[in-house]
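Q: the following comprises the amino acid sequence and a computationally predicted model.
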Amino acid sequence: MSYQQKRFYLFNCDNTYSLETVEKLLLEAGDKYGFKISVDRLCFGLQRMAEVCERTLPHLVMDYAIFVVHADESRLSIN
């Protein structure tokens, strides 16, 4: 089977959910559907959101980005 490389970036700004769980899900899906998956992670504080968006993201190489938040949060307020 020919594998096509897919690069994922996982982002989290509150450290309330384990990115390892999401990475495991992606790797299992890659095996199931014939994709070679690579996963990078970036955790940062909410106060750094603007800096990450303006200075870091434009220089990252990725096919997909996933912003991970905890599902029990009542709301996520980002200005």
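A: Looks like it came in fine.
Q: ranges for the helices of the protein?
A: Taking DSSP state H, the helices of the chain run over residues 19-33, 49-51.
Q: what's the longest one packed up against?
A: Counting by 3 or more Cβ pairs under 8 Å, 6 or more residues apart in numbering; DSSP states H and E, the packing neighbours recorded for helix 19-33 are strand 4-12, strand 35-43. Yep, even glycine has a C-beta here, placed from its N, CA and C like the rest.
Q: around residue 8, how many other residues sit close by?
A: Using other Cβ atoms under 10 Å, residue 8 is surrounded by 19 other residues.
Q: mind listing the residues bridging to the most centrally placed residue in the chain?
A: Closest residue to the average C-alpha location of the chain: residue 10 at 1.2 Å, with Cα atoms, centre = their mean. Beta bridges link residue 10 to residue 41, residue 66, judged by DSSP bridges.
Q: my read: it touches residue 40, true?
A: Yes: contact criterion Cβ atoms under 8 Å: residue 10 and residue 40 qualify, at 7.2 Å.
Q: sorry, back to before: which one, of the helices of the chain, ends up nearest to residue 63?
A: With Cβ to Cβ as the criterion, residue 63 lies closest to helix 19-33 of those, at 11.3 Å.
Q: just the buried positions in that closest one, please.
A: The neighbour-count check on helix 19-33 (16 or more other Cβ atoms under 10 Å) flags 19, 22-23, 26-27, 30 as buried.
Q: quick check, nearest of those to residue 46?
A: Using Cβ to Cβ, residue 19 is the member of those that lies nearest residue 46, at 16.1 Å.
Q: so what's that closest one up against?
A: Counting by Cβ atoms under 8 Å, 6 or more residues apart in numbering, residue 19 touches 10, 12, 41, 43, 68.
Q: most surrounded residue in the residues you listed?
A: residue 10 (21 neighbours).
Q: find me the pLDDT at that one, would you?
A: On pLDDT, residue 10 comes in at 95.
Q: now swap in the one 4 residues further on and tell me
A: With respect to pLDDT, residue 14 scores 77.
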